[in-house]
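Peer 1: fold the following, please.
(chains A and B)
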Amino acid sequence: MEALKSDFGGKAHVALNDPKLRANFRRAMDGLMAKRAAQFPDAEEWKTLRARGAAVRARALARLPELLEQLEAKLTANGVIVHWAETTAEANAVVLDILKAAGVKRVIKGKSMVTEEMHLNAHLEANGIRAVESDLGEYIIQLAGQAPSHIVMPCIHMNKAEIAELFADKIEGQTYTENVDELTAAARRVLRDRFADADAGISGVNFAVAETGTLVLIENEGNGRLSTTLPPLHIAVTGIEKVLEKLEDVAPLLSLLPRSATGQVVTTYVNMISHPRQPGEKDGPKAVHLVLLDNGRSKVYGDVELADTLRCIRCAACMNHCPVYTRVGGHTYTFTYPGPIGKILTPQLEGLDCAGDQPHASTLCGACAEVCPVQIPIPDLLARLRTEAVSPTSLAVKGGGSGRSLSESLGWGGWAALYSSPRVYRLSARLLGLFGNWMPAWLPMLRQWTSVRTKPKFAAKSLHQLARERGYSHDER
Amino acid sequence: MPMSASKPGRPHTVYFFGTCLVDLFYPEAGLAGMELLSREGLKVVFPQKQTCCGQPARNNGHPEEARAVARLQLDAFPGDWPIVVPSGSCAGMMKLHYPELFVGDPDHARAVAFSARVFELTQFLVDVLDVKLADKGRPVTVTWHPSCHSQREMGVLDQPKALLRQLANVTLVENPRETECCGFGGTFSVKQPEISAAMVADKVASIEQTGAAQVVSGDCGCLMNITGAAGKSRKAVTGRHIAEFLLERCHGGS
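Peer 2: Below you'll find the predicted structure:
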């Protein structure tokens, strides 16, 4: 894999000038926000529930190392084979080895963002193994040769007409139709055969329960269940942070995740996988593997504040409510995880040198944190990562300090000198009142500001002056 | 005089923190805020040492510089009177972020005590002073724009609207996209100018669609952004800081 680099401004420019894309996102996110809001009409219930969700995740993370060991022991006892991978390359190699050892040529995949993070499909294809995505959205973008633009609804950037065109172009015997039922039926026809002829199924994991060694997988299409039960071999892939302490911890998260994500009370399918096919059972894979991927997560875990990032349950509510994501779409984020969660996770996984512009691509409006079901303080973590980029305080962040520049430090140094001296400030304010409006609009910052706005007008007299003139007391105590 | 933020009694003196944006660009909004407080019989103290809350540096990843500026404000407001701020954003910085900014610093206790005294202006007018306004202005229709930090950090949701609703000749129309960010975000507006431009264009359009003659807000950063964008694109949207708007109504202006 070549090292990717974020170019938020450049990609945003392209997205912002694509009216169809913007309309697709605006419409979709408006719909998702309304659906979520309808699920949490009672502010008190929401507060209680999300506090419980946050506590469950925080409790699991507090004991992450031992819970991972417990999970491995339980799964192993259940007959599931557990693998550890430090990097995505290692994880890809582990998956490939398992498939090769079993002589697999055809894989059917359930939805998994971690395998997107690994670019697993490309790796398998390069090694002669065909992997077909079975989640409808994932199937669509795979046909289109694209990456997901949303972590729950991967093809949300496309509208009906675009999908109709894609299907007519790529699916044999398919004629152009915008009828959603017909489009779904066309995909289903193709996928039925792929399920039937797959030698192995690969899926993600929503929660891994340490207490019982249970892999929880939620989905709406039944494709997850088919992928994990029909083929003789099932490989589940997950990040190490998805562990929960107890089986009862699943319940509060299940009542938060679908409601936050798609505004559903519950998903159509809730799969709980604990072991391969047992003697006497008529279905289920003969072998089940779990691949646990680190890819920088243990580094994130090493910083007490940044570790909150790992609480995420991937509901995507943050991106659905993000005014930036809504306007630029998921592909602007370059890497696998878009939206506010991506802006805090990506720089930590990939490094601030590769994605240092992402924490800055936010107004810190806080709409994300307001709807986060596990209370991740996203704006605070964005501010923290902005600090790490210029003056690293933690070894947890790859590429810390890479955002340092002389002009930036001189600028803020000067700013602090100005605003921490009452006398210098008052003199400057007076000068700005007298001459500030003569500043030409081509000056840096003023140029960007005035591209779509009028020039701000300095008042002739500052509030300091006016307050004095009007006789307001300045007796500090 | 003992004052606690959770259950404040009616004080006889308050501090006014003007904010740097009001100081340089919107001093009339600051004066109006101070007059709204004085006409309630309070003594309003405006420490001349005050400058800026420090938020720009903090939000850009420069906590050290932010701390240096914040420390000056701790010095400038040494008494135990409430500190009233005509901006939800600056108030949020001082109320929420000062304590964390001074963790491990000898001034931490002072910062915590300071933050407990911080109020956003409309919050103070409604929750502490329970003001009653008499409208002397001509009939007008307005809409409200809450800054992100006033609604999400300060929890100021209904207070400004309650004040506007007290005005007999003012019709408040709701903007269905009221809670969406206007795209200002401080340096965001110049670091990601195109995204900011798209956001503010949508905000201006949503305000226009309400049919209101004016947008009223409690934060001058948003106002500078919204009215600046409306002005540049020659839209009829005008804006006013809520302090100025309220005071004018009480004096009979529009």
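
Peer 1: hmm, who's touching stretch B:240-254?
Peer 2: Stretch B:240-254 is contacted by residues B:22, B:26, B:28-30, B:32-33, B:35-36, B:39, B:86, B:121-122, B:133-138, B:140, B:142, B:160, B:163-164, B:167, B:169-170, B:214-218, B:220, B:223 when judged by C-beta atoms under 8 Å, 6 or more residues apart in numbering or on different chains. From N, CA and C alone the C-beta is placed, and that goes for glycine too.

Peer 1: looking at the stretch 101-250 of chain B, what residue ends up closest to chain A?
Peer 2: residue B:185 (2.8 Å; C-beta to the nearest C-beta).

Peer 1: could you check how far that residue is from residue A:268?
Peer 2: According to C-beta to C-beta, to the nearest Å, residue B:185 stands 39 Å off from residue A:268.

Peer 1: please apply the same query to residue A:94.
Peer 2: In this view, residue A:94 and residue A:268 are 31 Å apart by C-beta to C-beta.

Peer 1: of those two, give the one with the bigger neighbour count.
Peer 2: Shown here are residue A:94 and residue A:268; by other C-beta atoms under 10 Å in any protein chain shown, residue A:94 has more neighbours (19 against 13).

Peer 1: what's near enough to touch the more buried one?
Peer 2: Neighbouring residues of residue A:94 by C-beta under 8 Å, 6+ apart: A:83, A:85, A:291.

Peer 1: list the buried residues in stretch B:33-51.
Peer 2: B:33-37, B:40, B:42, B:44-51 (16 or more other C-beta atoms under 10 Å in any protein chain shown).

Peer 1: so the residue of the stretch 101-250 of chain B closest to chain A belongs to a strand, correct?
Peer 2: No: the assignment for residue B:185, made by DSSP: H, G, I helix; E, B strand; the rest coil, is coil rather than a strand.

Peer 1: excluding sequence neighbours, find me the nearest residue to it.
Peer 2: Once flanking residues are discounted, residue B:185 sits nearest to residue A:363: 2.8 Å by C-beta to C-beta, 6 or more residues apart in numbering or on different chains.

Peer 1: verify the stated contact: that neighbour with residue B:181.
Peer 2: Yes: counting by C-beta atoms under 8 Å, residue A:363 touches residue B:181, with 5.1 Å between them.

Peer 1: how far off centre is the strand or helix carrying residue B:29?
Peer 2: Take DSSP states H and E as the rule and residue B:29 turns out to sit in helix B:27-38. Put simply, helix B:27-38 sits 12 Å off its chain's centre (C-alpha atoms, centre = their mean, to the nearest Å).

Peer 1: now for it, which elements pack on it?
Peer 2: For helix B:27-38, the packing partners by 3 or more C-beta pairs under 8 Å, 6 or more residues apart in numbering or on different chains; DSSP states H and E come out as helix A:463-469, strand B:13-16, helix B:20-24, strand B:43-45, helix B:242-251.

Peer 1: model confidence over the shortest one, on average?
Peer 2: To tie it back to what came earlier, the one meant is strand B:43-45. Mean per-residue pLDDT for strand B:43-45: 98.

Peer 1: residues in contact with it?
Peer 2: A:472-476, B:12-16, B:34, B:37-38, B:79, B:81.

Peer 1: need the strands for chain A, in chain order.
Peer 2: Applying DSSP state E to chain A gives strands spanning A:81-85, A:106-109, A:130-133, A:200-203, A:207-209, A:214-219, A:233-239, A:243-244, A:269-273, A:287-293.

Peer 1: what about the first one, distance to the chain center?
Peer 2: On the basis of C-alpha atoms, centre = their mean, strand A:81-85 is displaced by 24 Å from the centre of the chain it belongs to.

Peer 1: can you pull the buried residues of that strand?
Peer 2: Neighbour-count burial for strand A:81-85 flags A:82-83, A:85 (criterion: 16+ other C-beta under 10 Å).

Peer 1: same question, stretch A:34-50
Peer 2: Buried residues in stretch A:34-50, counting neighbours by 16+ other C-beta under 10 Å, are found at A:36, A:39-40, A:46, A:49-50.

Peer 1: quick one: contacts of it?
Peer 2: For stretch A:34-50, the surrounding residues in contact (C-beta under 8 Å, 6+ apart) are A:252, A:255-256, A:259-265, A:317, A:320, A:371-375.

Peer 1: send the alpha carbons of that stretch over as PDB?
Peer 2: Extracted C-alpha coordinates of stretch A:34-50, given in PDB (Å, rounded to 0.1, in the frame of the first residue of the first chain):
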ATOM      1  CA  ALA A  34     -35.200  13.100  11.500                       C
ATOM      2  CA  LYS A  35     -35.400   9.400  12.000                       C
ATOM      3  CA  ARG A  36     -32.900   9.500  14.800                       C
ATOM      4  CA  ALA A  37     -34.700  12.400  16.500                       C
ATOM      5  CA  ALA A  38     -38.000  10.400  16.300                       C
ATOM      6  CA  GLN A  39     -36.300   7.600  18.200                       C
ATOM      7  CA  PHE A  40     -35.200   9.700  21.200                       C
ATOM      8  CA  PRO A  41     -38.200  12.000  21.900                       C
ATOM      9  CA  ASP A  42     -37.600  11.900  25.700                       C
ATOM     10  CA  ALA A  43     -34.500  13.900  26.600                       C
ATOM     11  CA  GLU A  44     -34.200  12.300  30.000                       C
ATOM     12  CA  GLU A  45     -34.400   8.700  28.600                       C
ATOM     13  CA  TRP A  46     -31.700   9.700  26.000                       C
ATOM     14  CA  LYS A  47     -29.500  11.100  28.800                       C
ATOM     15  CA  THR A  48     -29.800   8.000  30.900                       C
ATOM     16  CA  LEU A  49     -29.300   5.600  28.000                       C
ATOM     17  CA  ARG A  50     -26.200   7.200  26.600                       C
END
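
Peer 1: so for that stretch, what's the average pLDDT?
Peer 2: pLDDT averaged over stretch A:34-50 gives 97.

Peer 1: could you report the distance from residue A:326 to residue B:188?
Peer 2: Counting by C-beta to C-beta, the gap between residue A:326 and residue B:188 amounts to 15 Å.

Peer 1: redo the helices and strands packed on helix B:27-38 as TSV? Include distance to residue A:73.
Peer 2: Output for the helices and strands packed on helix B:27-38, formatted as TSV (distance: least, C-beta to C-beta, whole Å):
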stretch	distance to residue A:73
helix A:463-469	66
strand B:13-16	60
helix B:20-24	58
strand B:43-45	66
helix B:242-251	61
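
Peer 1: out of the ones you listed, which is closest to residue A:140?
Peer 2: Counting by C-beta to C-beta, residue A:140 lies closest to helix B:20-24 out of the helices and strands packed on helix B:27-38; the figure is 46.9 Å.

Peer 1: circling back to that earlier point, filter the contacts of stretch A:34-50 down to the buried ones.
Peer 2: Among the contacts of stretch A:34-50, the ones that count as buried by 16+ other C-beta under 10 Å are A:252, A:255-256, A:259-264, A:317, A:320, A:371-375.
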